[in-house]
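Enquirer: Need a 3D model of the sequence below.
(one chain, ligands or ions: 1)
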Amino acid sequence: MPDYPSLTEIDWLDQGAQHMQTATMRQHKKPLYRSVNTRTHGVRHGSGSKSKWERNTKAAAKNQSKNQSMHSGQRHGFDYTPLFKFLLSRVGKNWDEVRSEAVSRLDHEEPISWLVASDLSDGSSFVRIGESSYFSGLYVDDDNKLAVVDVELTPDNMRPFCACCTHTLNGVRLTTPYSDESA
Ligand SMILES: [Zn+2]
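Expert: Residues are numbered from 1 along each chain as shown. Below you'll find the predicted structure:
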């Protein structure tokens, strides 16, 4: 047995992926949001780090000044994490198609604009949802394709804003520990 996949195996894997995709498309489309019964972002920050936290929060808010509604990513009692993951998975695809599918699976369109800017100059490198969940900011590029604002930003180089929360980027936990040093 060779320790690399044979052409036949690669072919099979490709076909498997295609079949899965086709099957997914045929399925009844699941909503891109879910209702939440409890406040999951009610984490209290240690009072000792409050001023630092507030400064960092302001800096983060400045970064996303055009997306103020972001701070209430769970309002109406809904969690739009499935939408954000859907959008991230469609980077590089035609925006009209992505948007119309997203709209068909949402209760209202507004959460799309939390993550997706109409062009790069309006985009943010990241968007905060709730207390400590971040998602990569997206925008619609000149070819009308969905694109990432800051392709360099990863869970490995993003800095957390406080010590008391578990921060995530695109659902993946940040690996850099919190530091008092301001960057
Ligand atoms: Zn915290």
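
Enquirer: quick one: secondary structure of S179?
Expert: For S179, the assignment made with DSSP: H, G, I helix; E, B strand; the rest coil gives coil.

Enquirer: quick one: the helices in this structure?
Expert: 7-26, 50-63, 81-89, 95-104, 110-115 (DSSP state H).

Enquirer: which of the ones you listed has the lowest average pLDDT?
Expert: Ranked by mean pLDDT, the helices of the chain end with helix 50-63 at the bottom, a mean of 47.

Enquirer: The closest residue to A147 other than its chain neighbours and the ion: what is the separation?
Expert: Leaving aside its sequence neighbours, A147 sits nearest to D141 (CB to CB, 6 or more residues apart in numbering; 4.3 Å). In short, each C-beta sits where N, CA and C put it, glycine included. To the ion, D141 is 34 Å away according to CB to the ion, to the nearest Å.

Enquirer: just R90 next, same as before
Expert: According to CB to the ion, R90 and the ion sit 31 Å apart.

Enquirer: tally of neighbours for that residue?
Expert: Per other CB atoms under 10 Å, the neighbour tally for R90 reads 18.

Enquirer: Now do the contacts for it.
Expert: Applying CB atoms under 8 Å, 6 or more residues apart in numbering to R90 gives the contacts V98, L146.

Enquirer: Could you do E152 as well?
Expert: For E152, counting by CB under 8 Å, 6+ apart, there are no contacting residues.

Enquirer: hmm, 10 Å instead?
Expert: Residues counted as contacts of E152 (CB atoms under 10 Å, 6 or more residues apart in numbering) are S125, M158.

Enquirer: can you check D143 too?
Expert: By CB under 10 Å, 6+ apart, D143 lies in contact with G92, N94, W95.

Enquirer: if we go to 8 Å?
Expert: D143 neighbours (CB under 8 Å, 6+ apart): none.

Enquirer: Please report how far it lies from R105.
Expert: Using CB to CB, to the nearest Å, D143 is found at 24 Å from R105.

Enquirer: Please apply the same query to L83.
Expert: 8 Å.

Enquirer: repeat for S35
Expert: Counting by CB to CB, the gap from S35 to R105 is 15 Å.

Enquirer: quick one, what contacts the nearest residue to S124 once chain neighbours are set aside?
Expert: Leaving out its chain neighbours, the residue that sits closest to S124 by CB to CB, 6+ apart is G137, at 4.0 Å. G137 makes contacts with Q64, L115, A117, G123, S124, S125, F126, V127, V148, V149, D150, as judged by CB under 8 Å, 6+ apart.

Enquirer: and which of the residues you listed is nearest to P177?
Expert: Nearest to P177 out of those is F126 (CB to CB; 18.2 Å).
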